[in-house]
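In: Pasted the sequence and its predicted model underneath.
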Amino acid sequence: MEWKIRHEQNVRTGNFYINKDCDRIAFLYYFEDPEGVLQLIHTFVSDELRGQQIASKLVAYATEYAQNNKLKLQAICPYVVKWFERYPDKKDILV
């Protein structure tokens, strides 16, 4: 099944997420600092979605979002740090 990733942003916080029946079953939470850097803080994937590369898709989506909006990323979440180690060609977006 192909899951739709959505984006929600408040004043300085936001997340990229997947919903099922109005419940968030996967998300990547961030804080946007005053310089426009999205600090990727926490990744969660429910047991139902594990093994489907959902966390990787969330980080890839966040990376694309940042590129399209001329933002930078800071990897704080341990999963995100490892993701950028696996995809070194994407590291140019990191601060």
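Out: Good, I have the coordinates.

In: In contact with the nearest residue in space to residue 24 that is not next to it in sequence: list those residues for me.
Out: Counting by CB to CB, 6 or more residues apart in numbering, residue 17 is the residue found nearest to residue 24 once chain neighbours are left out, at 5.0 Å. From N, CA and C alone the C-beta is placed, and that goes for glycine too. By CB atoms under 8 Å, 6 or more residues apart in numbering, residue 17 lies in contact with 5-8, 24, 26-28, 58.

In: Kindly supply the PyMOL command isolating those of these that are buried.
Out: Selection of buried members from the contacts of residue 17 for PyMOL, criterion 16 or more other CB atoms under 10 Å:
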select buried, resi 5+26+27+28+58
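
In: Next, format the contacts of residue 17 as CSV and append secondary structure.
Out: Shown next, in CSV, are the contacts of residue 17 (DSSP: H, G, I helix; E, B strand; the rest coil):
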residue, secondary structure
5, coil
6, strand
7, strand
8, strand
24, strand
26, strand
27, strand
28, strand
58, helix
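
In: Can you mark which positions in stretch 58-75 are buried?
Out: Within stretch 58-75, the residues scored as buried using 16+ other CB under 10 Å are 58-63, 65-66, 71-75.

In: For this protein, which segments count as helices?
Out: With DSSP state H as the criterion, the chain has helices at 54-68, 78-86.

In: Those helices: which one's closest to residue 92?
Out: Checking the helices of the chain against residue 92 by CB to CB gives helix 54-68 as the closest, at 9.3 Å.

In: What residue in the chain is the furthest from its centre?
Out: residue 21 (21.0 Å; CA atoms, centre = their mean).

In: Look up how far residue 46 lies from that residue.
Out: Using CB to CB, to the nearest Å, residue 21 is found at 12 Å from residue 46.

In: Equivalent analysis for residue 4, please.
Out: According to CB to CB, residue 4 and residue 46 sit 15 Å apart.

In: More neighbours: those two, which one.
Out: Counted by other CB atoms under 10 Å, residue 4 and residue 46 do not tie: residue 46 has more neighbours, with 14 against 7.

In: okay, the more buried one: pLDDT?
Out: Predicted confidence (pLDDT) for residue 46: 96.
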